[in-house]
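1. have a look; sequence and predicted model below, questions after that.
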Amino acid sequence: MAQPGPDALADLRERFADYDADGDGRIMFAEFCELMAELDDELSREECQLAFQGADRDDDGVIAFDEFVAWWTGG
């Protein structure tokens, strides 16, 4: 999949910052679950965990911005 253009990337950076509650440049599991709850308020914790694992491509327990972009855009 193609990389998002500059405007889409700026929008994604804003969305990422919205959920990076502590501003450390990473989305932790609890922060990710807040995002997922906004997208679908009926997701279980297990479903959220599976989505988190899918987004955390390097398996380091956090979602960096590049992982977030890939997850959000289906890349």
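-> Now that the structure is in, tell me what you want to look at.
2. and the helices in the chain?
-> Secondary structure of the chain (DSSP state H): helices located at 6-19, 29-39, 45-55, 65-73.
3. can I get those in JSON lines with mean pLDDT and mean neighbour count?
-> C-beta coordinates here come from the backbone N, C-alpha and C atoms, glycine included. What follows is the helices of the chain, written out as JSON lines (pLDDT from 0 to 100; neighbours: other Cβ atoms under 10 Å):
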{"stretch": "helix 6-19", "mean pLDDT": "93", "mean neighbour count": "13"}
{"stretch": "helix 29-39", "mean pLDDT": "93", "mean neighbour count": "15"}
{"stretch": "helix 45-55", "mean pLDDT": "95", "mean neighbour count": "14"}
{"stretch": "helix 65-73", "mean pLDDT": "93", "mean neighbour count": "17"}
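4. would you point out which residue is most central in the chain?
-> Phe68 (4.1 Å; Cα atoms, centre = their mean).
5. next one: the nearest residue to Val69 once chain neighbours are set aside relative to Glu47, how far apart?
-> Excluding its sequence neighbours, the residue lying closest to Val69 (Cβ to Cβ, 6 or more residues apart in numbering) is Leu12, at 5.6 Å. In this view, Leu12 and Glu47 are 22 Å apart by Cβ to Cβ, to the nearest Å.
6. ok, now Asp7?
-> 31 Å.
7. what's the residue nearest to the centre of the chain in contact with, if anything?
-> By Cβ atoms under 8 Å, 6 or more residues apart in numbering, the residues touching Phe68 are 12, 16, 27, 55.
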